[in-house]
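Participant: Show me how the following folds:
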Amino acid sequence: MKGHPLQNRFVLISGCSGGGKSTLLAELAARGYQVVEEPGRRIIADELASGGNALPWVDTATFLRRAIDVALQDMEMAKIHSGWVFFDRGLVDAASALEALTGEPMLPPICAALRYHRRVFMTPPWPEIYVTDAERRHTFEIAAAEHRRLMETLPTLGYDVISLPKISPAERADFVLTTLGGCVLPKA
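Facilitator: Have a look, this model is predicted:
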């Protein structure tokens, strides 16, 4: 399944929480590429600052609906960039989680029209680097289950799932860029 040409520049980095996604995105940003921070982390920071309840450990469904809205806004805003745009999680992650939580059919209606590059990079469960913090309160087992759900979901949406090796952030960035190498685009 081929996405809209614009979205062919939008590369999704997904996978296990605490698997090194944000660190990889920081490396890509340091190299001059456009990156979009994880919607969930931004929502949690806003909700904690404002005393809101759209938190995954308080009202998961509201949190996920808000994550879908933020991911849609992120995709719209990313259209201004001419080169690769790397997303730390995004629409598929939030829609898949909401569908798993509520049973509402979210994936085909939302994710068919708005697509990322056909290659999605997945961070595997990596217990040696997994840590919890004020914004990531779930266990490693829950993070690994999330990874399994995404590994099952993404191929059903027509994505080629590529597992990232457990190597340094610089080597991971090289791996991503080399894998995308057949579609060389300017940085920005």
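
Participant: Name the helix or strand of the chain that has the lowest mean pLDDT.
Facilitator: With mean pLDDT, DSSP states H and E as the measure, the helix or strand of the chain carrying the lowest mean pLDDT is helix 107-111 (a mean of 78).

Participant: Tell me how far that helix lies from the chain's centre.
Facilitator: Centroid separation between helix 107-111 and its chain, computed with CA atoms, centre = their mean, to the nearest Å, is 16 Å.

Participant: For that helix, which helices and strands make contact with it?
Facilitator: Packed against helix 107-111 by the contact rule (3 or more CB pairs under 8 Å, 6 or more residues apart in numbering; DSSP states H and E) you find helix 91-102. Every C-beta, even on glycine, is put in place using the N, C-alpha and C of the backbone.

Participant: in this protein, which ranges drop under the pLDDT threshold?
Facilitator: By pLDDT under 70, the low-scoring segments of the chain are 1-7, 126-138, 140, 182-188.

Participant: can you map out the strands along it?
Facilitator: Along the chain, the stretches classed as strands by DSSP state E are 10-15, 34-36, 85-88, 119-123, 160-163.

Participant: quick one, which of those strands is nearest to Ala173?
Facilitator: strand 85-88 (9.4 Å; CB to CB).

Participant: helices and strands around that closest one, which ones?
Facilitator: For strand 85-88, the elements it packs on are strand 10-15, helix 21-30, strand 34-36, helix 60-78, judged by 3+ CB pairs under 8 Å, 6+ apart.
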